[in-house]
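Undergrad: what would the 3D arrangement of this be:
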Amino acid sequence: MKPKPYYSLQHRLLSPGAGYFPRKKEGQLCVVADTESGLVYPVPIKIEHVDFVSKILGYHITENIESASKIVPSNILLKVAGINDVVDEVRKVLTGVSGMESGYGLRHDLKQLTIAEDIVLNFIKKGELPLADDFNAKIETRYMKK
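TA: Prediction:
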């Protein structure tokens, strides 16, 4: 079954039963952006990026690593506060790094990274959480195509 895209950052994505949050660190939501379709897919907690993206593509990324480069990861860091661990704002977005890049050699060009960051920022801005006063977005270029 192909994963379901989301069109905005919604509280229901962050609920414990949704299976997306927190990913590997407190306050972390991982998503991938398809730079051709403009769609955003939250990455489930119990699946690695490489396997999840392979489901989106319909083939394992190692079968065609070049075409898989259109799918770019972003880490959305959220502020979790209070006794009930309420998520109340978006603190940071880091685009361009996951296990696909570090472990499988997936590379993105600067245009793909920039498009992906724009897609994810739009996903956040259309959503239900405000940006923190000190919000920042960064593109990780360490794994960029040279």
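Undergrad: CA atoms for contacts and neighbours, from now on please.
TA: Fine.
Undergrad: what's the helix or strand for the residue nearest the centre of the chain?
TA: Residue closest to the mean C-alpha point of the chain, counted by Cα atoms, centre = their mean, is Val31 at 2.0 Å. In this assignment (DSSP states H and E), Val31 forms part of strand 28-34.
Undergrad: can you map out the strands along the protein?
TA: Ranges of strands in the chain, per DSSP state E, are 28-34, 40-42, 71-81, 86-95, 131-139.
Undergrad: make a markdown table out of these and add distance to His60 and mean pLDDT.
TA: Below are those laid out as a markdown table (distance: least, Cα to Cα, whole Å; pLDDT from 0 to 100):
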| stretch | distance to His60 | mean pLDDT |
| --- | --- | --- |
| strand 28-34 | 16 | 96 |
| strand 40-42 | 17 | 97 |
| strand 71-81 | 13 | 91 |
| strand 86-95 | 21 | 88 |
| strand 131-139 | 25 | 96 |
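Undergrad: what is the burial count for Arg12?
TA: Arg12 is flanked by 12 other residues according to other Cα atoms under 10 Å.
Undergrad: excluding its backbone neighbours, what's nearest it?
TA: Nearest residue to Arg12 in three dimensions, chain neighbours excluded: Ala18, at 6.9 Å (Cα to Cα, 6 or more residues apart in numbering).
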